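S.K.: Sharing a model prediction with you, sequence too.
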Amino acid sequence: HPAMTQLMVPEADAAIIHVKLAPGGGEHQQRVTEAVRAVVTARDLPQLRVGNGQDPALRPVVKEAVRKRLERFLGEPIDAARFDEVVDAKASASSMKDELLRLRERALGTDELIEPLPEEEWQAVDPAKLFDTRGPALESYLKQTLPGLAEKDPEGIGIVAEFLGQWVDEAKEAQRFTASCTVLGLPPPPRPATPDGDEEGLPGEDEGATPKPAAAAAADGRCSQVLAILSELGDETWRIPEGVELPPLETIDWKVRLTGQPVIGQAFASSVSTSLRDSTLVSLGALAVVLLIFGHIRALAPAVWTVMLTAGVIFLLGHPISIGTSMVACIALGAGVDFAIHLGVRARQEGGGQAATDALGGVIMVTGLQLALAFLVLLASEMPPLRQFGVGLAIGLLGAAAGAVWLTPRLYRRR
């Protein structure tokens, strides 16, 4: 149906329901997303049974559904009797009086079909006779009413009968689509100007005095919407509701999938969390092997301390796991090992961790502070991931320096 066109995917086997969230932060969007997810997962959707929309057993259901939609659109109650009046509205000679007068003048008072007749002659043609009279009957009526034209141009009167009947039928078709709007008190679409004829004085193949139904409806917004709603009465298929015993044409299983930016963000955050956990464990394992080979396994303790401290502070600050914060762990891990190795080598040379800390502790702390201040410049960025990266790395570097200075005397005691 045209009303579903914007919701349907190109393959026409699914529809998209767009839930627009009010402006809010990431946490607000996540809460709303979880609430929508709970509704989707908790709802037990039965199979969709589709039947023939024109079946007498299903017809009352179709009419009632369309009536309710029309009520919602107009914002006023429409009982069954008035709805039937709207559906069965048809054009009549009285409702088309002005249009019939215009078409009569177009056929007989202009040079579009024949040499125009004097006004007093063509006004003798009763417009009501033009509503239903067609073919030879219309030609005979015109010959009786216009004897001068019949004598002067016998072929022309046949042409007039043919095209005048065609124009009236087109006008009746257009009126059939707008009569429902008239019953509802909606203004009918404006009639477009009469187009020019072709070189021979006959209307072109795609030209006419009356608009096509779609064009006529589009001229008035509310009338167009009413006609779109009423057109659902002609749908070939319709959902069979519970309680209606009717063999379905087909049965469709519902598959509801929640998607959108908040859902994608949740999936991304979950993926980043998993990747961060796995990469940190792999890095610690690889680092332990390297430190064991080169005899600096005790430097692993400050590295683990750095990762745990950094993760804890970031959590307390409320920063989510993102691209920015996920990169902090690897860099902080490397910085913690680097500071610990420097102090560990000096501790072996000086004969103990305390002596190494007394000699290089200040340098290590100043280095960590300088690096932290350098990365805090990222706080000026307008991108949240960069700001989070700067804060997290500053915490990690300060924690790495402090952890190395604090743990080295305990890891390398004087013998």
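M.R.: Great, that's in hand. What you see is a predicted model; the values in this text were computed from it and never measured.

S.K.: Please enumerate the helices of the stretch 51-200 of the chain.
M.R.: Ranges of helices within the stretch 51-200 of the chain are 59-74, 80-87, 97-108, 119-122, 129-132, 135-145, 147-152, 154-183, based on DSSP state H, counting those that start in this stretch.

S.K.: wait, A372 sits on L397?
M.R.: Yes - between A372 and L397 a contact is recorded at 4.6 Å, counting by CB atoms under 8 Å. Yep, even glycine has a C-beta here, placed from its N, CA and C like the rest.

S.K.: quick one: which of those two has more around it?
M.R.: L397 (27 against 20; other CB atoms under 10 Å).

S.K.: Assign a three-state SS to the more buried one, would you?
M.R.: helix (DSSP: H, G, I helix; E, B strand; the rest coil).

S.K.: pretty sure it is touching G368, no?
M.R.: Yes - at 4.9 Å, L397 counts as touching G368 under the criterion of CB under 8 Å.

S.K.: hey, what's in contact with both of the two?
M.R.: A335 (CB atoms under 8 Å, 6 or more residues apart in numbering).

S.K.: now for the longest strand seen in the chain, which elements pack on it?
M.R.: Counting by DSSP state E, the longest strand found in the chain is strand 48-52. Judged by 3 or more CB pairs under 8 Å, 6 or more residues apart in numbering; DSSP states H and E, the packing partners of strand 48-52 are strand 237-239, strand 250-252.

S.K.: In TSV: those strands, plus mean neighbour count and mean pLDDT.
M.R.: As requested, those are arranged in TSV below (neighbours: other CB atoms under 10 Å; pLDDT from 0 to 100):
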stretch	mean neighbour count	mean pLDDT
strand 237-239	18	88
strand 250-252	11	83
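
S.K.: so where's the chain shaky on pLDDT?
M.R.: 1-16, 19, 21-27, 177, 188-220, 269, 414-415 (pLDDT under 70).

S.K.: Could you list the domains of it?
M.R.: 97-233, 261-411 (automatic domain parsing).

S.K.: Make TSV from those and add distance to V244 to it.
M.R.: Output for the domains of the chain, formatted as TSV (distance: least, CB to CB, whole Å):
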stretch	distance to V244
domain 97-233	17
domain 261-411	36
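
S.K.: Identify the residues contacting stretch 264-281?
M.R.: With contact meaning CB under 8 Å, 6+ apart, stretch 264-281 is reached by 26, 29-30, 33, 307, 320-323, 326, 329-330, 333.

S.K.: and with 6 Å instead?
M.R.: With contact meaning CB atoms under 6 Å, 6 or more residues apart in numbering, stretch 264-281 is reached by I321, S326, A329.

S.K.: Show the contacting residues for the second one.
M.R.: S326 makes contacts with V272, L276, as judged by CB under 6 Å, 6+ apart.

S.K.: quick one, phi/psi of it?
M.R.: phi -70, psi -20 (degrees, to the nearest 10).

S.K.: same check, this time on the first one
M.R.: The main-chain torsion angles of I321 are listed as degrees, to the nearest 10 and equal phi -70, psi 120.

S.K.: ok, now D253?
M.R.: Per degrees, to the nearest 10, the backbone of D253 is at phi -90, psi 130.

S.K.: Is there a neighbour count for it? I'd like the number.
M.R.: Neighbours of D253 under the rule other CB under 10 Å: 8.

S.K.: Name the nearest residue to it, ignoring sequence neighbours.
M.R.: Q47 (5.8 Å; CB to CB, 6 or more residues apart in numbering).

S.K.: Tell me, how many residues neighbour that neighbour?
M.R.: Residues near Q47, counting by other CB under 10 Å: 11.

S.K.: Need the helices and strands packed on strand 48-52 in CSV (columns: distance to V282).
M.R.: Formatted as CSV, the helices and strands packed on strand 48-52 follow (distance: least, CB to CB, whole Å):
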stretch, distance to V282
strand 237-239, 53
strand 250-252, 46
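
S.K.: Which among the ones you listed is found nearest to L146?
M.R.: Set against L146 and scored by CB to CB, the helices and strands packed on strand 48-52 come closest in strand 237-239, at 51.7 Å.

S.K.: Partner strands of that closest one and their direction?
M.R.: If you go by DSSP bridges, strand 237-239 pairs up with strand 48-52 (antiparallel).

S.K.: what angle do the strand it pairs with and helix 59-74 make?
M.R.: Orientation of strand 48-52 against helix 59-74 (axes from the mean of the first three to the mean of the last three CA atoms, to 10 degrees) gives an angle of 110 degrees.

S.K.: quick one: strand 48-52 to chain centroid distance?
M.R.: When distances are taken as CA atoms, centre = their mean, to the nearest Å, strand 48-52 is centred 26 Å away from the chain's centroid.

S.K.: Only the buried residues of it, if you could.
M.R.: Neighbour-count burial for strand 48-52, counted by 16 or more other CB atoms under 10 Å, picks out R49, V50, G51, N52.

S.K.: Show residues contacting the longest strand of the chain.
M.R.: Under CB under 6 Å, 6+ apart, the answer for strand 48-52 is L58, T237, I240, L246, P248, L249, E250, T251, I252.

S.K.: so what's the fourth one up against?
M.R.: Yep, that's L246 we're talking about. G51, A57, L58, I240.

S.K.: okay if I get those residues as a markdown table plus distance to P262?
M.R.: Formatted as a markdown table, the contacts of L246 follow (distance: CB to CB, whole Å):
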| residue | distance to P262 |
| --- | --- |
| G51 | 37 |
| A57 | 43 |
| L58 | 39 |
| I240 | 35 |
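
S.K.: and the two most separated of the residues you listed?
M.R.: A57 and I240, at 9.1 Å, using CB to CB across the contacts of L246.

S.K.: Of these two, which one has the most company?
M.R.: I240 (23 against 13).

S.K.: Distance check, the nearest residue to R298 once chain neighbours are set aside against F339.
M.R.: Of all residues not flanking R298 in the chain, L411 sits nearest, at 4.6 Å (CB to CB, 6+ apart). From L411 across to F339, the span is 12 Å (CB to CB, to the nearest Å).

S.K.: and the two? which has more neighbours close in?
M.R.: Between L411 and F339, F339 has the larger neighbour count (other CB under 10 Å), namely 29 against 18.
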